[in-house]
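**Student:** Show me the folded form of this:
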Amino acid sequence: MGSDSTDAVVIGSGFGGSVTAARLAESGVQVTVLERGPWWDTVPVRSMGIKDRTPLPRGISLFARAMRSVYHPLLPWGRTRINRKGLFEVYYSRGMEVVCSSGVGGGSHVYSALHRRPARPDYWDGHCPDLNEASMAPHYAAFVARVGSTRPGPDNAPPHSAMEIYSNHPEFTPVVPKDEVRVGFRFPEDPANPKLTQTEAGIERWETDYSTGDHGFLGAPSGSKSTMDFVYLGPAIRKGLEVRALCEAISISAQTGGGRRFRVDYFDHNQRVRATIEADNVFLGAGTMNTLRLLLESRDRYHGLSGMPNLGKRFSGNGDIRGFWDLNDQDRDYSEGVPSKGAIKLRDESLPQVGIGRNNLPSVNSYPFPKFIRERLKRGMVVSGMGEDAMDGVATSEGRRFRIHFDPSNSPIYRQIHDALMEMGRRSGRRIYAGKTPATVHPMGGACVGEADAGGVIAANGEVHGVPGLYVVDAAAFPRPTASPPTLSIGAWAENVAARFLARG
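**Tutor:** Coordinates of the predicted model:
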């Protein structure tokens with residue numbers, strides 16, 4: 001099982017946790033990662049020699065394996081766990097639905113692999129004296145370099161792009177981002193013949209097979225998508241990083257008396273026992289929802305932490321609304337290619353111009369449905385919008401109930417996106433099914449970076465004000481909505497925290 005004392009504990013192994021853990025371990029820091037989910041059974045993970053692996057949700061067991069737990073106000077204690085090895089977790093509240101993931105590598109298994117800067121060019125400016133766009137630039141570059149994020153060329157471009165379909169469409173036009181968009185896929189040199197390749201660390205992964213559609217929101221077994229388990233964690237394990245899968249953090253307690261500064265209590269799902277580990281530094285990268293829940297419950301339920309008066313405030317859903325566009329295009333199979341097909345907007349400039357992203361449903365061939373249903377689903381698309389909401393949500397811990405309080409009526413962006421979706425459906429003659437309630441996979445905020453007297457919870461180095469040695473390395477730290485996919489910014493933020501920690505010595 002390993003030592004019960006270490007220099008640093010990293011909780012969570014998504015973008016924030018994996019980047020932080022790898023950078024510290026590769027610099028000689030003794031690091032233990034606690035990850036509540038399993039290692040997923042993928043080509044890269046097998047080549048890393050990981051023995052205890054869990055298949056991604058597919059086939060007849062898709063539904064049983066897909067869901068880990070559900071949070072809902074009507075459930076006993078507000079939550080229930082369905083499968084400790086499940087891939088997704090869902091939070092329901094009156095004003096918002098949130099979906100997040102579980103497993104070694106976190107959300108990198110279920111993202112569309114778009115790497116894009118925030119919509120605002122001054123995103124990091126004005127929050128802390130020593131944090132700004134210039135100071136973050138090298139950390140963005142470091143993440144892009146490590147992940148190998150690229151763009152396809154003209155000879156290997158995936159099918160069904162916005163440019164291909166909508167450049168001359170009478171009603172819709174492609175959205176051309178103001179900043180560069182890269183993609184975390186290993187694109188094939190020859191799309192008809194994807195090859196098995198190796199990373200610089202000797203880890204195997206396949207080039208992307210455009211015909212399978214099996215590398216989207218249900219994971220990429222082939223390794224064609226860049227996920228944090230093999231991009232960051234794999235090489236760092238060889239440098240001494242310890243990853244404890246299926247170990248779920250329960251609480252964090254500050255300690256006095258000359259020993260390690262923190263004790264982390266966790267439940268070991270492998271042995272089905274409660275355990276503890278002590279460390280001088282704790283880095284929270286459990287994803288926004290679970291980072292906030294752990295901090296709030298550690299303070300309010302277990303009384304292991306104190307202070308943090310602004311914790312839970314300024315929570316955002318990043319403007320997310322999602323729907324399904326039942327295009328039923330007889331001559332197109334949208335499951336081909338990579339998940340993201342590019343964004344479009346209404347060509348009519350007299351209407352609000354909201355960019356709508358287009359993604360295929362993931363791994364449709366593995367759904368336990370009749371073939372005619374699967375074929376119909378392949379001819380439709382998941383559509384979504386993002387934007388800057390009011391960021392006025394509040395996360396609370398009330399007894400054993402973790403709750404999100406959010407009123408979407410305070411944020412016009414949600415109505416604008418919903419109206420745009422409905423208008424797209426009307427003009428295309430193909431219905432779009434979308435609710436008005438925000439449904440986000442990009443929760444952020446609640447432990448925002450900023451000065452303590454201006455509502456901030458953490459400093460520019462990620463350290464919690466008033467709690468030395470406790471850090472936040474995921475999107476809970478974000479000072480405003482990114483209004484774009486936050487993956488790249490989470491990676492850059494974690495690179496920033498790790499670099500500042502190592503520079504301090």
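
**Student:** Lowest-scoring secondary structure element of the chain by mean pLDDT?
**Tutor:** When the helices and strands of the chain are compared on mean pLDDT, DSSP states H and E, helix 62-66 comes out lowest with a mean of 90.

**Student:** List the buried residues in that one.
**Tutor:** Neighbour-count burial for helix 62-66 flags 62, 65, 66 (criterion: 16 or more other C-beta atoms under 10 Å). For the C-beta atoms, the positions are set from N, CA and C on the backbone; glycine is no exception.

**Student:** Of the residues you listed, just say which sits nearest to residue 55.
**Tutor:** residue 65 (7.2 Å; C-beta to C-beta).

**Student:** so where do the helices sit in the stretch 201-350 of the chain?
**Tutor:** Here the stretch 201-350 of the chain has its helices, by DSSP state H, counting those that start in this stretch, at 228, 234-237, 288-300.

**Student:** Check the stretch 51-200 of the chain too.
**Tutor:** Remark: helices assigned in the stretch 51-200 of the chain by DSSP H, counting those that start in this stretch are 62-66, 133-147, 162-166.

**Student:** now the ones you listed in CSV, with distance to residue 505?
**Tutor:** Putting these into CSV (distance: least, C-beta to C-beta, whole Å) gives the following:
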stretch, distance to residue 505
helix 62-66, 44
helix 133-147, 19
helix 162-166, 48
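
**Student:** nearest to residue 399, of those helices?
**Tutor:** Among the helices of the stretch 51-200 of the chain, helix 62-66 comes nearest to residue 399, with 28.8 Å by C-beta to C-beta.

**Student:** Give me the distance from stretch 242-262 to the chain's centre.
**Tutor:** Its chain's average C-alpha position is 24 Å from that of stretch 242-262, according to C-alpha atoms, centre = their mean, to the nearest Å.

**Student:** mind listing what's buried in it?
**Tutor:** Neighbour counts over stretch 242-262 (16+ other C-beta under 10 Å) mark 242-254, 260-262 as buried.

**Student:** Now do the contacts for residue 70.
**Tutor:** 79, 80, 82, 89, 90, 92 (C-beta atoms under 8 Å, 6 or more residues apart in numbering).

**Student:** hang on, I meant residue 67
**Tutor:** By C-beta under 8 Å, 6+ apart, the neighbours of residue 67 are 82, 83, 86, 87, 88, 89, 90.

**Student:** if we can go back for a sec, from the buried residues of stretch 242-262, which land in strands?
**Tutor:** Applying DSSP state E to the buried residues of stretch 242-262, the entries found in strands are 242, 243, 244, 247, 248, 249, 250, 251, 252, 253, 254, 262.

**Student:** per-residue pLDDT, the fifth one?
**Tutor:** In other words, residue 248. Listed pLDDT for residue 248 reads 98.

**Student:** repeat for the last one
**Tutor:** Looking at residue 262, its pLDDT reads 98.

**Student:** Report the beta-bridge partner residues of the closest residue to it other than its chain neighbours.
**Tutor:** Leaving aside its chain neighbours, residue 262 sits nearest to residue 282 (4.9 Å; criterion: C-beta to C-beta, 6 or more residues apart in numbering). Per DSSP bridges, the residues bridged to residue 282 are residue 9, residue 470.
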